[in-house]
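In: Here is a sequence together with a model predicted from it:
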Amino acid sequence: MATILIVDDSATMMEGHKRILEKQGHTVFSAEDGEEGVAKSLELMPDLILMDVVMPKMNGFQATRKITRNDTTKHIPVVIVTSKDQQTDIMWGKRQGACDYLIKPADDNMLRQTVDRFLASAAS
């Protein structure tokens, strides 16, 4: 299956998403802040990244921008998964290069469908 990087400073959210994705057969790695997420995206070259926004050191908007504007990683779909639910946040996240934006807590089925959709489009 796919390699997925989850960037989130909440251990609870990370474990929940990891459990869902591993049940689907994916290999899941994690990073606890935006800086680590950017570094691991370069190191691992995952098939997809799930990115929180509110994190220490570098927020998810900044990390998404760095990943999606880097020639080496710009092909990796980044899905923002955050509690920031304002329309301006969603718009800003997509302007930073996110391919989709899910509001926490993301419904398990919605998370699976979103991941499957972007993995399928990346494979074709």
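Out: Yep, it's here.

In: At the geometric centre of this protein, which residue do we find?
Out: Central residue of the chain (CA atoms, centre = their mean): L50, 1.5 Å from the mean position.

In: Could you list the buried residues of whichever helix in the chain runs longest?
Out: Longest helix in the chain, counting residues (DSSP state H): helix 108-123. For helix 108-123, a neighbour-count test (16 or more other CB atoms under 10 Å) marks L111, T114, V115, F118, L119 as buried. Quick note: C-beta positions are derived from backbone N, CA and C, even for glycine.

In: ok, now stretch 21-28?
Out: For stretch 21-28, by 16+ other CB under 10 Å, it's L21, H26, V28.

In: just checking, the first one is part of a helix?
Out: Yes. L21: assigned to a helix according to DSSP: H, G, I helix; E, B strand; the rest coil.

In: give the contact list for it.
Out: I4, I6, V28, L111, V115 (CB atoms under 8 Å, 6 or more residues apart in numbering).

In: If we use 10 Å, what do you get?
Out: Listed by CB atoms under 10 Å, 6 or more residues apart in numbering, the contact partners of L21 are M1, A2, I4, I6, T27, V28, L48, L50, L111, R112, V115.

In: which one of these sits closest to Y101?
Out: The shortest approach to Y101 among the contacts of L21 belongs to L50, at 11.2 Å (CB to CB).

In: That closest one and M13 touch, don't they?
Out: Yes. Contact criterion CB atoms under 10 Å: L50 and M13 qualify, at 9.5 Å.

In: Return every residue with contacts to both of the two.
Out: Common contacts of L50 and M13, defined by CB under 10 Å, 6+ apart, comprise I6, V81, T82, A106.

In: Can you check what pLDDT the model gives the nearest residue to R69 once chain neighbours are set aside?
Out: Excluding its sequence neighbours, the residue lying closest to R69 (CB to CB, 6 or more residues apart in numbering) is G97, at 6.6 Å. Looking at G97, its pLDDT reads 97.

In: I'm done for today, thanks for sticking with me.
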